[in-house]
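Trainee: A structural model of the following input is requested.
(4 chains)
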Protein chains: 4
Amino acid sequence: MSDPRVQTFRPDPSEYVWTFGGVPPLARIAPGTILELFTEDCFAGRVRGVDDLVSEVCEFPYVNPQTGPFYVEGAEPGDTLAVHFISVQPARDWAVSTTVPLFGALTSTHATATLQDPLPEVIWMWQLDRDKQLCRFEARFGDWQVDLPMVPMHGTVGVAPANLEVRSSLVPDAHGGNLDTPEMRAGVTCYLGVNVEGAMLSIGDGHARQGEGETCGVAAECAMDTVLVVDLVKGVPCPWPRLESDTHLITTGSARPLEDAFRVAQTELVRWLETEFGLAMLDAYQLVSQAVESPLANVVDTNYTSVAKIAKQYLPPMPAMRDTHARLTELARAYRS
Amino acid sequence: MSDPRVQTFRPDPSEYVWTFGGVPPLARIAPGTILELFTEDCFAGRVRGVDDLVSEVCEFPYVNPQTGPFYVEGAEPGDTLAVHFISVQPARDWAVSTTVPLFGALTSTHATATLQDPLPEVIWMWQLDRDKQLCRFEARFGDWQVDLPMVPMHGTVGVAPANLEVRSSLVPDAHGGNLDTPEMRAGVTCYLGVNVEGAMLSIGDGHARQGEGETCGVAAECAMDTVLVVDLVKGVPCPWPRLESDTHLITTGSARPLEDAFRVAQTELVRWLETEFGLAMLDAYQLVSQAVESPLANVVDTNYTSVAKIAKQYLPPMPAMRDTHARLTELARAYRS
Amino acid sequence: MSDPRVQTFRPDPSEYVWTFGGVPPLARIAPGTILELFTEDCFAGRVRGVDDLVSEVCEFPYVNPQTGPFYVEGAEPGDTLAVHFISVQPARDWAVSTTVPLFGALTSTHATATLQDPLPEVIWMWQLDRDKQLCRFEARFGDWQVDLPMVPMHGTVGVAPANLEVRSSLVPDAHGGNLDTPEMRAGVTCYLGVNVEGAMLSIGDGHARQGEGETCGVAAECAMDTVLVVDLVKGVPCPWPRLESDTHLITTGSARPLEDAFRVAQTELVRWLETEFGLAMLDAYQLVSQAVESPLANVVDTNYTSVAKIAKQYLPPMPAMRDTHARLTELARAYRS
Amino acid sequence: MSDPRVQTFRPDPSEYVWTFGGVPPLARIAPGTILELFTEDCFAGRVRGVDDLVSEVCEFPYVNPQTGPFYVEGAEPGDTLAVHFISVQPARDWAVSTTVPLFGALTSTHATATLQDPLPEVIWMWQLDRDKQLCRFEARFGDWQVDLPMVPMHGTVGVAPANLEVRSSLVPDAHGGNLDTPEMRAGVTCYLGVNVEGAMLSIGDGHARQGEGETCGVAAECAMDTVLVVDLVKGVPCPWPRLESDTHLITTGSARPLEDAFRVAQTELVRWLETEFGLAMLDAYQLVSQAVESPLANVVDTNYTSVAKIAKQYLPPMPAMRDTHARLTELARAYRS
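Mentor: Sure, this is the predicted structure:
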């Protein structure tokens, strides 16, 4: 396709980045650009079989490589970057998951420190059937195997953080990053507040699927071929990452303890209804209280991430974020045809 | 109906109980009994309009009245009580919600203590259309109104606690109690570990619907007409409340901080798959990690409650809890016909 | 001593109580009564050597026996009970500590649930030199031994709880209970808000000494001979347990997560300065912020307990709690002479 | 003094740094160098009276300026940097404290998000009597004033972080940073694990004194004249900041929730006794449990910081960290004479 607004990036391993902030742009793009991207899996592709223990084949901090960053022309602090996912498809026919010593929700960790021994390090290879959109679980210590639906998504999407900081790609926070929510999938628009000129968007950490909370700390991790379109919402701030689908408004909060992540996400949703849908703050609080869905994203990363969702059909019929989701959905339709 | 196994209880206000444990039984019932119950709303029916402020019309600790307790013959510590909900229907055509000073997720509280002023106390009356199974939200400070689906449920279901304790009906914990999860609805079987002879089952706190997390601390509260069947699973323990639907296994954890509630619920689900479905512990951990749904129940009560759900179709085809859910579903079908 | 105001209680093991609330009084006493009490250790005296594993010799929930409850004549909800410790001395020449599986701060627990194995169960016997007021640590897995100062204290002091509840003696909360703070020692007055008629004071859980936070979950546990005087502060409420020494005002908060316990204790201290010392709320906030000492009490019990202390010399020279501490200190002096 | 090992730095405001990591060194120094430093207060000296509201005179993220970083020759990842404070003295005769909207322990914050209004923004000027080493509190809303002892300390001491990160100077974590513990004072040696070549030491955030927990979020903030000596402990790692005084070993943990900070600090202390004092892990756990002091540092920053202290007199008589504290104390004595 020779459309100048479509650009393709398949970074060389030497081009991966491991942080949000602190690195020069891979490319400069104009708002409206469609990006066809390859992203490597969170282990930099080094775990390819059940004997490739992460503790042996990976070299910290070189995990969770990101494709980017992209400098978006015209993006300034106070604006919001909109990233609409046109398609997210596994780039290989397998994904990998594993326990990692002292990482995950059902083990003590470096922060929830105890004197106990860690759990054993075990790898599971998941076979992906991309035609049928299925992921196959195979037990390591028995003979159970079962197909689960593939729900391809990106665990990590973010921009350069505020406050002069550079954050590891393992961190979820107000700049996005390692949110690890299954909501980050094709058809959805992700809104990220811009903290530095150019925004500096990066993306990675594909998951063929993950449970809510990402309990063991590792999803069905895979390389991805992803198409997205980037846009700007000038002059509209976005203090925490938000998502919009055809049917729902979605907010996120990333913090510890988990109730603080919940408080952030729910407060953001109340404030969104107040700011853009004309509801009084207390009315928004009441409507959210009865209508919200609150699926957990991750309870394993350096911050935990809680998600709050409300169906648009319960809200006054007004466009959010200057109707960006509708506009980008239209662009996605044009691209696919 | 003259079936001796069907009993009807519509307690007089003087018969309400306000705790789990510490009160004599309302009645003794045999396993297999079908109970047709009336439960009053959490405000003991005292809030009937927008001027009936809870802080004025309710008298603490006389909130969240329970219908019960029922002494289940033969129930002993080490057994599990099974409660299958045949139907849960609002008993009136309205429900009520409110902010309560220093209670709820988006305010400081008596535990998350700050020096700030509380939020204003405001009441919302929700009109219920029981034919169409809809609840109508009407803004207090504007003119937005909208119908949401009715999803009738019980916020509070529990037995007498362990450790010689008596707990307020506002508390969710290992004995059940005020779990406030939308999963507690018709068609579901709730499993509760028995701590004292007779188990001492009570139930209350009907919600026409609630959001996940019950953000403001109060659902669309209503009196309920509920039919359930009670059974025993002898010799099978249940350390934390579990639920089973036709399609899912569901565990709960109630604790603070919220990540501890998450850890309990997820650990319980892993242990359930290990104990009753033949999976090795680490395989169960992996399968849960990719397959679990983790909708929050409440982030407002004295303990927060997290829920973990897995679809049965992903598990080896084995009956759980001695196939009690299937058996009770059959009884429910017979009752309805 | 034939002073009618001095009463002695050395309960028979059949008289121990295991809860706050829910049990009839051991005796009725008048305000001003001096009590000479024996309290058994938290293991009911069953752990007497390194082979007496708690998991084998103790029978849950029969741990942490309390001496009491004492019905204090005239005590009504809204009053405050004052308990002044005249002397606290170990009743034997040994104390015991241990690890307990899935209990303590540096292990996963039933609430901070993980899939890891518990730590080994190991007992340490501490020799007490009551003349020199020393406790001897002896390593179990090496030959290090060292004397630490004895700082005898009561881990558990409380009244019947509010809200119709009965709580295990292992629980610290607004009614006092298992606070496990080293501040609860001879020379100190403990204030507890009265929730039920007669207050129903109980006391137990002597520690020859403990570290701040009670890290492994178990102090140097010992039986105690304790003398205290009980009084009432009529019409003065006390929402959370407070202590007063000759030099300090001390507040406590018991909650999870630990920052909520901190928030409660610090807010209580600010409110105390505001209510009884004439400081504006924000001035009290500032003075506390620069002057407070915040030693942890326990980070292991069902609620964690945080303590806030301020030196009286930094406050306007006013009596607190109607000068009760000074009055009871005088009574103690009279008793000793 | 013409000793070449003594160097003096009084940075120009244009030289302040606002992060750990991400900035070039102010100077290169050899191990053993004595640094005479000026550090500006956390408000960059802009708050000089009760009308200089932080929200008006400060410009985020330009708060908490640091003096440094110093590239320490020979420092490599895996080494430990030792910073011994020879003297810490306020550089002016006043200090300042304030409430900051949505910051502090007794208010909702950006993470503990609620819908309530923030507390008012109020400034307190503290007069310092450097001869008598006193700080004077003066009420803003009444006439109480009182002198508190001056305990000059540095809230912020740290090195460049690991994992390619750059962190705001407001953050406490494994690299040190904004620990805000009163233990960081003259006579103490601070140990920091080296993450990058040269370590990149910076220091700032002087406090004339602070309460434990830094309740309102702001201490008695002042510019400082500080003398310290820097050294290296080659080949000895230090996963979290440690301190050593003549009498105590001290560990820190910075995390959320606060119990995780506690767990880290206590685990670090157990591990220190195990690694350098020859105690078995479980014996160390027991000794710490009965001997530890656990004063809180801060419960307000992006991570909360908990401190664990043990008296050296309770430990086998062995030098810690290659006897670095004794050696630097000797150097300090030589400098002062």
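
Trainee: can you give me the helices in the stretch 51-200 of chain A?
Mentor: Applying DSSP state H, counting those that start in this stretch to the stretch 51-200 of chain A gives helices spanning A:54-57.

Trainee: tell me which parts of it are close to chain D?
Mentor: A:60-61, A:110-115, A:162-168, A:170 (Cβ under 8 Å from any Cβ of the partner chain). C-beta: built from backbone N, CA, C; applies to glycine.

Trainee: narrow these to those in strands?
Mentor: A:167, A:168 (DSSP state E).

Trainee: what pairs with residue A:77 across the strands?
Mentor: With DSSP bridges as the criterion, residue A:77 is bridged to residue A:79.

Trainee: what residues does the stretch 1-150 of chain A have near chain C?
Mentor: Residues of the stretch 1-150 of chain A lying near chain C (Cβ under 8 Å from any Cβ): A:106, A:107, A:108, A:112, A:113, A:114, A:115, A:116, A:117, A:118, A:119.

Trainee: closest one of the residues you listed to residue C:150?
Mentor: Closest approach to residue C:150 among these (Cβ to Cβ): residue A:115, at 26.9 Å.

Trainee: kindly provide the distance from that closest one to residue B:267.
Mentor: Distance, residue A:115 to residue B:267, using Cβ to Cβ, to the nearest Å: 19 Å.

Trainee: more crowded one of these two?
Mentor: Higher neighbour count among residue A:115 and residue B:267: residue B:267, with 26 against 22, using other Cβ atoms under 10 Å in any protein chain shown.

Trainee: can you tell me the SS state at that one?
Mentor: Assigned with DSSP: H, G, I helix; E, B strand; the rest coil, residue B:267 falls in the helix class.

Trainee: for it, what are its contacts?
Mentor: A:106, B:253, C:113, C:114, C:115 (Cβ atoms under 8 Å, 6 or more residues apart in numbering or on different chains).

Trainee: residue A:239 sits in which helix or strand?
Mentor: Using DSSP states H and E, residue A:239 sits within no helix or strand.

Trainee: and the residue lying closest to it once chain neighbours are set aside, what does it touch?
Mentor: Leaving out its chain neighbours, the residue that sits closest to residue A:239 by Cβ to Cβ, 6 or more residues apart in numbering or on different chains is residue A:193, at 6.0 Å. Neighbouring residues of residue A:193 by Cβ under 8 Å, 6+ apart: A:79, A:80, A:81, A:159, A:174, A:175, A:237, A:238, A:239, A:240.

Trainee: what residues does the stretch 101-250 of chain A have near chain B?
Mentor: So far as Cβ under 8 Å from any Cβ goes, the stretch 101-250 of chain A lies against chain B at A:105-106, A:119-120, A:122, A:124, A:126, A:135, A:137, A:139-142, A:144, A:146, A:148, A:209-220.

Trainee: are any of those buried, and which?
Mentor: A:105-106, A:119, A:122, A:124, A:126, A:135, A:137, A:139, A:144, A:146, A:148, A:209-220 (16 or more other Cβ atoms under 10 Å in any protein chain shown).

Trainee: show me what from the stretch 151-300 of chain A comes close to chain C.
Mentor: Checking the stretch 151-300 of chain A against chain C by Cβ under 8 Å from any Cβ, the hits are residue A:257.

Trainee: how about the closest residue to residue A:187 other than its chain neighbours, what does it touch?
Mentor: Nearest residue to residue A:187 in three dimensions, chain neighbours excluded: residue A:245, at 6.2 Å (Cβ to Cβ, 6+ apart). Residue A:245 sits next to A:183, A:187, A:188, A:189, A:325 when contact means Cβ under 8 Å, 6+ apart.

Trainee: narrow those residues to those that are buried.
Mentor: A:183, A:188, A:189, A:325.

Trainee: closest to residue D:305 among these?
Mentor: residue A:183 (33.8 Å).

Trainee: if I look at the residue in the stretch 201-337 of chain A that chain C sits nearest to, how far off is residue C:106?
Mentor: Chain C sits closest to residue A:257 of the stretch 201-337 of chain A, with a gap of 5.2 Å, by Cβ to the nearest Cβ. Look at residue A:257 and residue C:106: by Cβ to Cβ, they are 19 Å apart.

Trainee: cool, residue A:236 as well?
Mentor: Distance of residue A:236 to residue C:106, computed by Cβ to Cβ: 47 Å.

Trainee: ok, what's across the strand from the residue nearest to residue A:239?
Mentor: Counting by DSSP bridges, residue A:193 is bridged to residue A:80.

Trainee: if I look at it, what pLDDT would I see?
Mentor: Listed pLDDT for residue A:193 reads 98.

Trainee: and which of the contacts of residue B:267 is nearest chain D?
Mentor: residue C:114 (12.7 Å).

Trainee: what's the distance between the closest one and residue B:230?
Mentor: 34 Å.

Trainee: between those two, which one's more packed in?
Mentor: Applying other Cβ under 10 Å to residue C:114 and residue B:230 shows that residue C:114 carries more neighbours, namely 24 against 21.

Trainee: dump the residue contacts of the more buried one.
Mentor: Contacts of residue C:114 (Cβ under 8 Å, 6+ apart): A:106, A:107, A:108, A:116, B:263, B:267, C:108.

Trainee: reformat those residues as TSV; add pLDDT.
Mentor: Converted to TSV, those look like this (pLDDT from 0 to 100):
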residue	pLDDT
A:106	98
A:107	98
A:108	98
A:116	98
B:263	98
B:267	98
C:108	98
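
Trainee: most neighbours out of those residues, which is it?
Mentor: Taking other Cβ under 10 Å as the neighbour criterion, residue B:263 ranks highest of these with 30 neighbours.

Trainee: neighbours of residue A:271, how many?
Mentor: 17.

Trainee: mind checking the SS state of it?
Mentor: The three-state assignment at residue A:271 reads helix, by three-state DSSP.

Trainee: how close does it get to residue C:63?
Mentor: 48 Å.

Trainee: same question for residue A:78.
Mentor: In this view, residue A:78 and residue C:63 are 59 Å apart by Cβ to Cβ.

Trainee: looking at the two, which is more packed in?
Mentor: residue C:63 (20 against 13).

Trainee: pretty sure the more buried one is touching residue C:40, no?
Mentor: No: in this structure residue C:63 lies outside contact range of residue C:40 using Cβ atoms under 8 Å: 10.5 Å.

Trainee: hmm, back to that, turn the contacts of residue C:114 into CSV, columns for distance to residue C:46.
Mentor: Output for the contacts of residue C:114, formatted as CSV (distance: Cβ to Cβ, whole Å):
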residue, distance to residue C:46
A:106, 33
A:107, 33
A:108, 30
A:116, 27
B:263, 31
B:267, 30
C:108, 26
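
Trainee: name the nearest of these relative to chain D.
Mentor: Using Cβ to the nearest Cβ, the contacts of residue C:114 come closest to chain D at residue A:108, 8.3 Å.

Trainee: measure that closest one to chain B for me?
Mentor: 11 Å (Cβ to the nearest Cβ, to the nearest Å).

Trainee: give me phi/psi at that residue?
Mentor: Phi and psi for residue A:108, reported as degrees, to the nearest 10, are phi -70, psi 160.

Trainee: what of the one 4 residues further on?
Mentor: The phi/psi pair for residue A:112 (degrees, to the nearest 10) reads phi -80, psi 70.
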